[in-house]
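Enquirer: Pasting the sequence and the predicted model now:
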Amino acid sequence: MDNGQTGFALTCLAVGALVAMPLAGFLIVRYGSRRLTIFSTLVFIATVPLIAFMPGYLALLFVMPLVGVSTGVMDVGMNAQAVDVEKLWGRPITSSFHACFSGGMFVGAGTAAAFIALGLDVGQHFIAVTILTLAAAFYARPGLLSDDPVAAEGSSGSSSNFSTAIVLLGICSLCTMIGEGGVADWSPIYMTRVTGSAEALAPIGQAALSGAMFVGRGLGDYIRLRFGSVHVVRGGSLLAFFGIMLALLFPLPGVAIAGFALVGLGVANIIPVVFSEASKVPGLRPGVGISSVSTIGYSAFLFGPPIIGFISDYQNSLLPEGMALFPGVAGLRVGLGVVALLMLVLLALSVFFLQVRD
């Protein structure tokens, strides 16, 4: 698979998530976020291992949207649960929940590196992880909050009130998710094809991103209380910009890993702030506000991966034969430059347009 085919496979996953997210807002109102979260989590865990056993590229394109549907519904359900907990807690706590998400990606990237180093294939990898995550899901199930769907239907506000606030928060989510997803998806390829690192080292760039996000989100609730949510968005977008530029301008394994870590620290607390604000938009139920912003944000995964892939391949086609030291050197650096541009857009939005209430 070349960069374009890889990007298109990731797009198929995003299509499934994007189709499911608006439906998730309706289902939360009707059935409650607890039931929706449990069901979608179990479907997600059961579907992901199928990726390892697809006989070819077309079969992979069939299963990726199924994974996307389950993860899209699960994402909205979990965030609705987090908002309910934050209300009961009485102070910011959503960053801590998102820290667990980043911790999972960190463990996942590290596990991938370990399985590669041990010479085990992706099927064995996914089966082992499925068993562990299924046990974790059943352990977590009793702790989810029981929300009353009937009470949600009687709440004030109209789900059709698609306000300017939702659009602005959605654009912030879009920029952030392209940045986070672009680095998460392409950093392993960047490590091998651009920096020339060994294959076993390739997931470490992704692990640096997710590990930094885990640390940043672990401290995020304190940072929001100390400095305010709007400063979290402004400072984070600026830090992520410097991080991606560091990796692009100095394509050495150690420098790239450090740059990806800075991107992780920068974007760590932007999505928790955005989702928390989406739940407070007047005239919208919390679950509907989150699903609306999530739909806009997750459209990043619809066109973000292929844009980076297609730009990378196009730039490579412009190079004379044998000019690049490694395949994709110039192209992928240009493609990931999209992330740097969007961090500047996010910074401008947070300075001139974004209204965040602490």
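Expert: Received it, and whenever you're ready, just let me know what you need.

Enquirer: Extract the C-alpha trace of stretch 274-289 and format it as CSV.
Expert: Output in CSV follows, covering the C-alpha atoms of stretch 274-289 (Å, rounded to 0.1, in the frame of the first residue of the first chain):
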residue,chain,number,x,y,z
VAL,A,274,-14.1,22.0,23.0
PHE,A,275,-16.4,19.1,24.0
SER,A,276,-17.0,20.6,27.5
GLU,A,277,-18.1,23.9,25.9
ALA,A,278,-20.3,22.0,23.3
SER,A,279,-22.3,20.5,26.2
LYS,A,280,-23.0,24.0,27.5
VAL,A,281,-24.3,25.6,24.2
PRO,A,282,-27.8,27.2,25.0
GLY,A,283,-30.7,25.5,23.3
LEU,A,284,-28.9,22.2,22.8
ARG,A,285,-29.0,19.1,24.9
PRO,A,286,-25.4,18.1,26.0
GLY,A,287,-25.4,14.9,24.0
VAL,A,288,-26.6,16.6,20.9
GLY,A,289,-24.1,19.4,21.2
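
Enquirer: Could you tell me how far the stretch of helix or strand G181 belongs to lies from the centre of the chain?
Expert: G181 is part of helix 164-193, with elements assigned from DSSP states H and E. Relative to its chain's centre, helix 164-193 lies at 7 Å (C-alpha atoms, centre = their mean, to the nearest Å).

Enquirer: Could you give me the buried positions within it?
Expert: Under the neighbour-count criterion of 16 or more other C-beta atoms under 10 Å, helix 164-193 has 165-166, 168-193 buried. C-beta coordinates here come from the backbone N, C-alpha and C atoms, glycine included.

Enquirer: One more: stretch 21-41?
Expert: 21-22, 24-25, 27-29, 32-41.

Enquirer: Quick check: next helix or strand after the helix holding G181?
Expert: Past helix 164-193, the next helix or strand by DSSP H and E is helix 202-218.

Enquirer: Quick one: mean pLDDT for whichever helix or strand comes after that next one?
Expert: Once the chain leaves helix 202-218, the next helix or strand it forms, by DSSP H and E, is helix 220-227. On average, the pLDDT along helix 220-227 is 87.

Enquirer: send the alpha carbons of helix 220-227 over as PDB?
Expert: Listed next in PDB are the C-alpha coordinates belonging to helix 220-227 (Å, rounded to 0.1, in the frame of the first residue of the first chain):
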ATOM      1  CA  GLY A 220      -5.000  19.500  32.000                       C
ATOM      2  CA  ASP A 221      -7.700  20.000  34.600                       C
ATOM      3  CA  TYR A 222      -5.300  21.900  36.900                       C
ATOM      4  CA  ILE A 223      -4.000  23.900  34.000                       C
ATOM      5  CA  ARG A 224      -7.600  24.900  33.000                       C
ATOM      6  CA  LEU A 225      -8.400  26.000  36.600                       C
ATOM      7  CA  ARG A 226      -5.100  27.900  36.800                       C
ATOM      8  CA  PHE A 227      -4.900  29.700  33.500                       C
END
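
Enquirer: Next secondary structure element downstream of that helix?
Expert: Reading on from helix 220-227 to the C-terminus, the next helix or strand found by DSSP H and E is helix 229-249.
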